[in-house]
Structure formats: C-alpha cells, structure tokens
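**Student:** below is the sequence, then the predicted model.
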Amino acid sequence: MGTGSAGAARAYRGGAEEIPLLASRLAAPAPPEPVLVRPRLLDRLDQGAAGPVTLVSAPAGWGKTTLLASWARASRAEPPPAWVSVEDGDTRERFWAYLAAALRSVVAGGPDGRGEPPVPDVPPRPDQLELLAAALAARERPVLLVLDDLHRIGDPGQLAGLEFLLRHAEGRLRLVAGARAEPALALHRWRLAGELTEIGPAELAFTDDEVADLLVAHAVPVPATAVHRLRERTGGWAAGLRFAALALRAQADPARAVERFGGDQPDVAGYLRDEVLGPLEPGARDVLRRSAVAAAVCADLAEAVTGRADAGQLLADLARVGGFLEQDGDSPPWYRCHPLLADLLRDELGRLPADELRDLHLRAAGWYAGNGRPAEALRHALAGGEWNRATELLIARWPELVPYQRDVPAGPPPAAPPAEAVRRDPELALACAAERAYAGDVDAAAGHLRDAVAAGRDLPAPRRDRFRRLATAVELTLARLTGDHDEVRRAAVRLLAT
C-alpha cells in the first residue's frame with residue numbers, strides 16, 4: 001500500500017471543530033510475522049473489489065484484519081486503497097472525520113487530476129454528501145475503501161451516509177469491510193443484485209496445505225497426518241493455528257503434541273474467553289456452556305438441558321455468525337461447537353458443582369431416552385452417576401445399542417462406576433462396555449466386559465441367563481468392531497444358544 005494513509009493529517013476540521021486523528025488508524029497494519037501469503041483469498045478480494053461491496057465477516061481470530069492488511073499493502077491499484085480502522089466508541093463525528101481523511105489521502109492529487117474531494121462537515125449535511133458522491137462519480141478510476149472492524153458501528157445512522165455514497169457514486173466508491181458480524185448496512189440490496197462478495201469462516205479456515213505452510217514458516221516439522229489432525233483440532237481457525245505453531249515449536253515431539261493441543265490450554269483459553277465468550281450476552285454464554293454437556297444439540301435438547309425456552313433462538317443467532325457454532329442442514333437443525341471452544345466449555349463444565357453437573361447429564365439422558373437415542377442416553381446416565389437408569393437402558397434397549405461401525409467419542413469417557421456398584425449390579429459394567437463399544441473405544445469396552453463377567457459369575461437364575469445373553473451380545477459387538485470374523489461366528493452361536 002502507498003504511504004499516503006500513513007502520513008495522513010492528524011487533525012480534521014469539520015465546521016468549527018478540529019478533531020484530532022491518529023495516523024495509525026488510517027494505515028493498514030503490518031501483518032504478524034511470519035507472513036503467510038494466501039493467494040486464493042487475495043484473489044477473492046481482487047475479484048470482490050471489482051464490485052461495490054466486499055464483506056469479510058467472521059468472529060475473532062479468523063484472520064480478517066491480517067488478510068485485509070496483506071491485500072491492501074500488496075495492492076497495485078491507483079489510487080491505493082484507503083484504510084480506516086474503526087474503534088469502539090466512534091461517534092458519528094469521529095467516524096466521518098476518519099472516513100473523509102482516508103478518502104482525501106488517496107484522492108488528493110491523484111491521477112485523475114481533480115484535486116481533493118469536497119470536505120464535508122462532520123457529520124455531513126445531505127447536500128455535502130451529494131457533492132462528495134458526485135465528485136467520486138466523476139472520477140475515471142474507482143476509490144477502494146477498506147473499513148476494518150465495521151461491526152463496532154452499531155448505530156445505523158452512522159452508516160447511512162456511507163450507504164448513500166455507495167449507492168450514488170456510480171461504482172467509483174468500492175467498499176471492502178471486515179467485521180465480526182453483519183454490519184447495519186442494507187446488504188440485501190447488493191446480495192439480491194449479485195454485487196456482494198462475502199468471505200466467511202468457511203473460506204477463511206486454513207486448508208491442510210496452508211496449515212503445512214504455516215508450520216514450515218514457524219520451523220515446526222510435522223508429518224502430513226499431524227498437519228491434518230491439527231487442522232481438525234483447530235477447525236482451521238487462524239488464531240488457534242498460530243497459538244499451536246508457537247506451542248509446538250517448543251516441543252521435542254511436535255507430532256505427539258498435536259494430539260494434546262486443545263482449547264483448555266492457557267493462551268487459547270484466555271483468547272476464547274476474552275474475544276469470543278466475553279462479548280456475548282450472559283444468557284448466550286450460559287446456553288453455550290450448559291449445552292456443551294452434549295456433543296451437539298438441537299433447540300429442544302438445549303431447552304431441556306438449560307431450562308430456557310429461548311435456548312434454540314440464542315443458538316440460531318450465534319450460528320448465523322458462524323465460525324464457532326456450526327449448524328447442520330437437518331430439520332430441525334443441530335448445532336456443534338468449534339473443537340477448541342468445545343474443549344474450553346467442557347473444562348468450564350467440569351468446574352461446576354458436582355450436583356449441578358450431574359443434573360445437566362440427567363436432563364440430557366432423559367431427553368435422549370425420550371427421543372429414540374438410547375446410546376446417548378446411556379452415555380449421559382453413566383456420566384451423571386445414575387447407575388440404575390444406565391442398567392435399565394441396557395436391559396430394555398440393548399439391540400439399539402449395537403453399533404455397526406466405530407463412532408467418534410463425544411468428549412472424554414464417563415468415569416467408571418465404583419467397584420461396589422459393579423459387584424451389586426454386574427449389568428452396570430455391561431452398560432459401560434456397551435457405551436464404550438458404541439463410542440469405538442474397544443479396549444475400554446473389553447475391560448468393562450471382563451469386570452462384568454467376573455462380577456456376574458454367581459448371579460441367580462433367571463437373571464444369570466439374561467446376563468449371559470447381554471454379555472454375549474457385547475462380545476459379538478467387540479468382535480465385529482475388531483474384524484475378528486471367527487469370534488463373530490462363535491459369539492453368534494453362543495448368543496443363539498442362550
């Protein structure tokens with residue numbers, strides 16, 4: 001980017017008032033080192049800047065400012081892009097003072113030879129906006145304007161003048177904005193006309209190749225499998241990847257350290273608390289935290305767990321921004337947290353009083369059991385220490401607890417029940433084995449099965465016969481999951497014989 005913005009005037013006279021300005025807010029900041037060039041996104045910005053509005057929208061840490069600054073600094077446009085960093089608390093006067101100064105800095109003495117654009121009072125009068133729009137429309141070359149952190153302008157009136165210029169400058173003013181949420185502009189107009197370019201978390205997320213390039217830039221050697229795993233763990237989130245690269249650089253075995261990297265690590269947790277959870281309303285934070293007792297939630301489950309009738313709407317509002325809460329395409333939709341945020345929320349759940357956490361699990365178990373999902377009900381019954389409910393679920397619904405492929409465990413496994421509880425009720429250990437088998441944790445399931453068999457030797461008939469059938473069904477499941485076809489046949493024969 002040219003030096004015009006960096007050397008911008010430090011005061012703006014609007015009417016009779018002089019408003020001091022910071023040159024740093026009128027210049028694209030230097031991207032963090034090491035700089036990683038992402039050509040696919042720079043190309044998207046180039047393409048978007050050919051139209052009236054480009055919006056880069058994502059929550060904190062997704063690399064919006066870094067991308068915009070890299071693009072603005074590398075731009076060969078004439079004049080170079082004007083830049084304004086929006087700050088919290090910007091009044092209409094200050095916003096327009098910076099906006100006018102940015103436009104003046106790139107237009108004054110430009111190749112069109114038309115001198116400075118009209119300098120409006122702040123806030124500008126309608127007639128001054130018309131003069132400015134006309135001056136921009138008369139230019140041969142368009143002016144690119146980058147507004148970073150535009151979400152900080154919450155008053156629609158502060159943006160009304162900007163929207164007026166965009167509509168009436170006849171394509172000679174082109175806005176490239178970065179925001180954590182959709183700004184209060186009439187974006188639907190440009191969207192409907194096919195003139196809005198939108199770059200969101202899905203595009204900002206790092207690909208495997210970009211993760212590999214970032215790790216190389218940080219001098220962190222890891223195999224390709226670890227690169228893919230790190231992208232999965234971070235969801236491609238730029239800030240999480242940079243935290244990971246810094247942490248892995250200090251590890252003797254970075255590939256192993258990738259498996260331990262999570263959202264409960266101090267730097268990541270601090271960032272997520274301050275930048276992601278901090279700005280949320282208390283109700284939204286509470287719904288996110290309590291809903292994290294389950295790997296994914298729909299509106300009904302969230303309401304059952306949190307006791308809030310508005311839980312579904314709060315989740316829908318958070319998912320609309322994207323980045324840290326994803327919504328699937330099902331009807332009704334299900335919501336799943338970003339992996340690192342889920343780590344942090346589960347860590348916070350673990351700090352709740354034991355009876356409060358137990359109640360959350362039992363609420364979830366009740367909802368799952370009543371909605372045809374006994375495997376999840378069993379997992380939460382065990383996590384909540386509701387041993388009788390867990391045993392009843394196994395006995396009543398064991399055919400539905402038979403997995404046909406390895407599933408991905410939803411967080412850490414439930415704590416094992418006390419030994420005396422297993423001695424009193426060997427079926428409880430079978431329930432634990434069935435839950436771990438359903439989660440794909442074959443080794444843990446086999447251990448629980450051995451405990452069950454040891455505790456169930458002296459059961460009276462007919463309970464002993466029922467226990468044997470259930471134990472054989474679990475054996476059959478484990479044999480199938482491990483691919484032991486001979487054992488599958490033997491277990492099937494035993495099951496049919498009982």
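**Tutor:** Thanks, I have the structure now.
**Student:** for the helix ranked longest in the chain, buried residues please.
**Tutor:** With DSSP state H setting the assignment, residue counts place helix 463-482 as the longest helix in the chain. Buried residues in helix 463-482, defined by neighbour count with 16 or more other Cβ atoms under 10 Å: 467-468, 470-481. To be clear about C-beta, it is placed using only N, CA and C from the backbone, and glycine gets the same treatment.
**Student:** same for that helix, what does it pack against?
**Tutor:** Secondary structure elements in contact with helix 463-482, counted by 3 or more Cβ pairs under 8 Å, 6 or more residues apart in numbering; DSSP states H and E, are helix 387-397, helix 426-438, helix 442-455, helix 485-497.
**Student:** okay, those, which one's buried deepest?
**Tutor:** When you average the neighbours per residue for each of those (mean count of other Cβ atoms under 10 Å), helix 426-438 leads with a mean of 27.
**Student:** coming back round to it: so which of the helices and strands packed on helix 463-482 is nearest residue 317?
**Tutor:** helix 426-438 (32.7 Å; Cβ to Cβ).
**Student:** for the residue nearest in space to the middle of the chain, give me its contacts.
**Tutor:** Residue closest to the average C-alpha location in the chain (Cα atoms, centre = their mean): residue 324, at 1.9 Å. Remark: with contacts taken as Cβ atoms under 8 Å, 6 or more residues apart in numbering, residue 324 is in contact with 59, 276, 318, 337-338, 341.
**Student:** give me the subset of those residues lying in strands.
**Tutor:** With strands defined by DSSP state E, the entries of these inside them are residue 337.
**Student:** among the contacts of residue 324, which pair sits farthest apart?
**Tutor:** 59 and 337 (12.2 Å).
**Student:** what helix or strand does the nearest residue in space to residue 310 that is not next to it in sequence sit in?
**Tutor:** Nearest-residue entry for residue 310: residue 283, 7.4 Å, with adjacent residues in sequence omitted and distances by Cβ to Cβ, 6 or more residues apart in numbering. Secondary-structure assignment from DSSP states H and E places residue 283 in helix 282-291.
**Student:** beyond that helix, next helix or strand please.
**Tutor:** Per DSSP H and E, the first helix or strand lying C-terminal to helix 282-291 is strand 297-298.
**Student:** quick one: strands adjacent to that following strand?
**Tutor:** strand 334-337 (antiparallel) (DSSP bridges).
**Student:** circling back: for burial, what's the neighbour tally of the residue nearest to residue 310?
**Tutor:** Residues lying near residue 283 (other Cβ atoms under 10 Å) number 13.
**Student:** how about residue 154?
**Tutor:** Around residue 154 sit 11 other residues, with neighbours defined as other Cβ under 10 Å.
**Student:** quick one on the thing from earlier: just checking, what packs against the helix holding residue 283?
**Tutor:** helix 299-306, helix 311-321, helix 339-349.
**Student:** for residue 272, find the nearest of those helices.
**Tutor:** Across the helices and strands packed on helix 282-291, the minimum distance to residue 272, taken as Cβ to Cβ, is reached by helix 339-349, at 5.2 Å.
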